[in-house]
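Trainee: Here is my input, please return the structure:
(one chain, ligands or ions: 2)
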Amino acid sequence: MINLRSQREIEKIKIASLISAQALKLAGELCKEGNSSYYIDKEVEKFIFSKKARPNFLNYNGYPSSCCISVNDMVIHGIPSKDVVLKNGDLVSVDVGAEFEGYNGDNAYTFVVGEVGADVKDFLKTTEEALYCGIEKAVEGNRVYDISLAIEKKIKEKGYGIIREFVGHGVGASLHEAPEIPNYVSNEYEKGPRLKAGMVIAIEPMTTQKNEEITTCEDGWGIKTKFGELSAHFEHTILITESEPVILTKI
Ligand code: MF3
Ligand code: CO
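Mentor: Residues are numbered from 1 along each chain as shown. Ligands and ions are numbered 1, 2, ... in the order given. Sure thing, here's the model as predicted:
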């Protein structure tokens, strides 16, 4: 079942999303050479608690941290670690969410440490643009398919790879709710449900520079590209309305 949110619920999701966005901004400021992903996670965690919110990834299906911090060939769900120390040229995908009074926000961004080449810049820019192409289609009357197609077109026109095993999702009273929002179209998903005002969804393209194969790390969480290519991940929480989509995780 897809939830339509009351005004009272939307107000809480807005606050949760704002805290999520502020937490992600802080993480970005800490993505500096020499900082460990563990340090970044702990600072972000403190920030979220200071806002009378709770990091909603912490203990989610046993997940041990507040953020997912995935460096270079790690696509998603990188567990923060003292052993992961950032260095010049790293791509750092940070995914973080907050729960406020029972309601959730969720967002992700791929930050760059220092300098990267033009090819990597194009890869990141395209993935972020794909997110915005999807957001544009998140309006009442469209279907999930319209979002998926817009994202897929943007990424495929540059020949980049799309992660297929993980998808966007509804968000609200839980971190993950119906519907699933894939970043590609397929027979499996058909056209998906029709979007209605009052739905809240997280749109989150996850890409690789080329090949789409992934492997799971020994910790059972981390997802890496099979052939060691770089990956990217951008995500926003969106409120669907009768007119323009509202990006709730924007500061
Ligand atoms: N934030 C991820 C998503 O965007 C989910 C992370 S689940 C966790 O859907 F367990 F790793 F925290
Ligand atoms: Co998400």
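Trainee: what does this structure put close to ligand 1?
Mentor: Proximity of the chain to ligand 1 is confined to 57, 60-61, 63, 68, 77, 95, 97, 106, 169, 202, 204, 235 under the rule C-beta under 6 Å from any ligand atom. The way it works is simple: take the backbone N, C-alpha and C, and place the C-beta from them, glycine included.
Trainee: Between the residues you listed, which sits nearest residue 222?
Mentor: residue 77 (5.6 Å; C-beta to C-beta).
Trainee: residues in contact with that closest one?
Mentor: Going by C-beta atoms under 8 Å, 6 or more residues apart in numbering, residue 77 touches 63, 68, 70, 95, 221, 222, 223.
Trainee: quick one: residue 52 and residue 100 touch, right?
Mentor: Yes. Contact criterion C-beta atoms under 8 Å: residue 52 and residue 100 qualify, at 7.2 Å.
Trainee: Who has more neighbours out of these two?
Mentor: residue 100 (23 against 11; other C-beta atoms under 10 Å).
Trainee: The more buried one - nearest residue in space that isn't next to it in sequence?
Mentor: residue 16 (4.0 Å; C-beta to C-beta, 6 or more residues apart in numbering).
Trainee: give me the number of residues near the one you found?
Mentor: Residue 16: 30 neighbours (other C-beta under 10 Å).
Trainee: would it count as being in a strand?
Mentor: No. Counting by DSSP: H, G, I helix; E, B strand; the rest coil, residue 16 is not found in a strand; it is helix.
Trainee: Residue 103: what's it in contact with?
Mentor: Contacts of residue 103 by C-beta under 8 Å, 6+ apart are 9, 12, 13, 15, 16, 172, 173.
Trainee: re earlier: give the contact list for the residue nearest to residue 100.
Mentor: 53, 97, 98, 99, 100, 101, 103, 104, 105.
Trainee: For residue 250, see how far away it is.
Mentor: Separation of residue 16 from residue 250 (C-beta to C-beta, to the nearest Å) stands at 14 Å.
Trainee: Can you name the residues of this protein that neighbour ligand 2?
Mentor: 106, 202, 204 (C-beta under 5 Å from the ion).
Trainee: got a winner among the contacts of residue 77 for most neighbours?
Mentor: residue 70 (30 neighbours).
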